[in-house]
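# Just to be clear, the model below is a prediction. Sequence and coordinates:
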Amino acid sequence: MLLTKQNYSSQNSILIQASNNAVKKRIEREKHDAVLMARRGGITPDHWQSDLLQSTAKQLILNCSRQSGKSTITAVLGLHTALFEPNSLVLLLSPSLRQSTELFRKLKDFYNAVGCDSLPQIAEESTLRLEFHNGSRVVALPGSESTIRGYSAVSLLIVDEAATCEDSLFFSIRPMLAVSGGRIILLSTPRGKRGFFFNVWSEGGEDWNRTRIDAHQCPRIAPEWLEREKAAMPDFWFRQEFLCEFVESMDSVFSFDEVQAALSDTLEPFSFGDDLI
Ligand SMILES: Nc1ncnc2c1ncn2[C@@H]1O[C@H](COP(=O)(O)OP(=O)(O)OP(=O)(O)O)[C@@H](O)[C@H]1O
Ligand SMILES: [Mg+2]
């Protein structure tokens, strides 16, 4: 069948319209399911990663093996929040600026993989900050108490390598979330039986949603490679890095269990003059 010029151009615009509508519908589905966005960006999430992307929990803690994909998937979640919650603030924290920048880069790379005309565009950008046309911001900061003071109304706070962040950081971010009603994700491999990451994991109570993924559960870590690593490193280090165990730190004079056993609720504090001991 021969088409006139006019018929051809009207058929063309119908096709363009249909394709735009299909993209809009797809983006609408991604809004309600971040797993779909992850897949479009080239990441097929592991089961636990899908659970994280679909969780509505306010407080999440991920105790995961090295290289299991915890930073990657929280970066996806951070971007999803910024794109689909207008005017949101997503803070990326970690013990050092270098590590926060790394997490930020994962998020930005993922935006480059999924970004399209139907998603909010970048309005302003620097090495540690993204601002979108929907008013949302993503900011990467080194995780010290002083650098995060001044931020409020946080929608999502991601603390990477949380086991090596200072306790003061954790205590200073909690009030921010209380006011904004935002979410927090702590992710790390353990670093001994101390600090807020250990405390939240072991005593944080029902308010925290816990995920533990050791190296054997990660499909990208070959069992043979793991066996070789096990042979090449001290036992405590392997258990910590790959089996997610809170192993006693080697520099402790007393073990955590010894200190716990020495504590008593029945003894009265001993007083020496005005000072309690
Ligand atoms: N679902 C997935 N499919 C394919 N590759 C993945 C997936 N999740 C993560 N990866 C890849 O696995 C590697 C490790 O991911 P990532 O850096 O997120 O792990 P991590 O747990 O944060 O590691 P580390 O403890 O070293 O910080 C990266 O190359 C990442 O792209
Ligand atoms: Mg990481």
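Cool, got the structure. Residues are numbered from 1 along each chain as shown. Ligands and ions are numbered 1, 2, ... in the order given.

# got the phi/psi numbers for residue 92?
Per-residue torsions, residue 92: phi -110, psi 120 (degrees, to the nearest 10).

# And for it, the neighbour number?
Neighbourhood size, residue 92 [other CB atoms under 10 Å]: 27. Where C-beta positions appear, they are placed from N, C-alpha and C, glycine not excepted.

# residues touching it, list them.
75, 78, 100, 103-104, 107, 138-141, 158, 160 (CB atoms under 8 Å, 6 or more residues apart in numbering).

# Put the alpha carbons of stretch 100-117 into PDB.
Presented in PDB, the C-alpha positions along stretch 100-117 are these (Å, rounded to 0.1, in the frame of the first residue of the first chain):
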ATOM      1  CA  SER A 100      30.900   8.500  50.300                       C
ATOM      2  CA  THR A 101      32.100   9.600  46.900                       C
ATOM      3  CA  GLU A 102      32.300   6.000  45.700                       C
ATOM      4  CA  LEU A 103      28.700   5.400  46.800                       C
ATOM      5  CA  PHE A 104      27.600   8.600  45.100                       C
ATOM      6  CA  ARG A 105      29.400   7.500  41.900                       C
ATOM      7  CA  LYS A 106      27.400   4.200  41.900                       C
ATOM      8  CA  LEU A 107      24.200   6.200  42.200                       C
ATOM      9  CA  LYS A 108      25.200   8.600  39.400                       C
ATOM     10  CA  ASP A 109      26.200   5.700  37.100                       C
ATOM     11  CA  PHE A 110      22.900   4.100  37.700                       C
ATOM     12  CA  TYR A 111      21.100   7.300  36.800                       C
ATOM     13  CA  ASN A 112      23.100   7.400  33.600                       C
ATOM     14  CA  ALA A 113      21.900   3.900  32.900                       C
ATOM     15  CA  VAL A 114      18.200   4.500  33.500                       C
ATOM     16  CA  GLY A 115      17.800   8.300  32.900                       C
ATOM     17  CA  CYS A 116      15.300   9.200  30.200                       C
ATOM     18  CA  ASP A 117      13.000  12.100  29.300                       C
END
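
# pLDDT of it, averaged?
Mean pLDDT, stretch 100-117: 96.

# That one and ligand 1 in contact?
No. For stretch 100-117, no contact with ligand 1 is found by CB under 6 Å from any ligand atom; the gap never falls below 6.9 Å.

# who touches that stretch?
Against stretch 100-117 from outside (CB under 8 Å, 6+ apart): 23, 27, 37, 40-43, 71-72, 74-76, 78-79, 92-94, 121-122, 127-128, 130, 138, 140-143, 158, 160.

# Whatever residue of the stretch 1-150 of the chain ends up closest to ligand 1: neighbouring residues, count only.
Ligand 1 sits closest to residue 69 of the stretch 1-150 of the chain, with a gap of 2.8 Å, by CB to the nearest ligand atom. Around residue 69 there are 21 other residues, counting by other CB under 10 Å.

# filter the contacts of stretch 100-117 by proximity to ligand 1?
With the criterion set as CB under 6 Å from any ligand atom, the members of the contacts of stretch 100-117 near ligand 1 are 43, 71-72.

# on that earlier part again, let's have the contacts of residue 92 in CSV, adding neighbour count and secondary structure.
Formatted as CSV, these follow (neighbours: other CB atoms under 10 Å; DSSP: H, G, I helix; E, B strand; the rest coil):
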residue, neighbour count, secondary structure
75, 26, helix
78, 27, helix
100, 25, helix
103, 24, helix
104, 23, helix
107, 25, helix
138, 28, strand
139, 19, strand
140, 27, strand
141, 18, strand
158, 27, strand
160, 26, strand
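
# which two from those end up farthest apart in space?
75 and 141 (15.0 Å; CB to CB).

# The spatially most central residue of the chain and residue 91: what is the separation?
The centroid of the chain falls nearest to residue 74 when counting by CA atoms, centre = their mean (3.4 Å). To residue 91, residue 74 is 12 Å away according to CB to CB, to the nearest Å.

# and residue 187, that's in a strand?
Yes. Counting by DSSP: H, G, I helix; E, B strand; the rest coil, residue 187 is located in a strand.

# which SS class is the closest residue to it other than its chain neighbours?
Distance criterion CB to CB, 6 or more residues apart in numbering; nearest residue to residue 187, sequence neighbours excluded, is residue 62 at 4.1 Å. Here residue 62 is strand, with the state taken from three-state DSSP.

# Having no further points to raise, I will conclude here.
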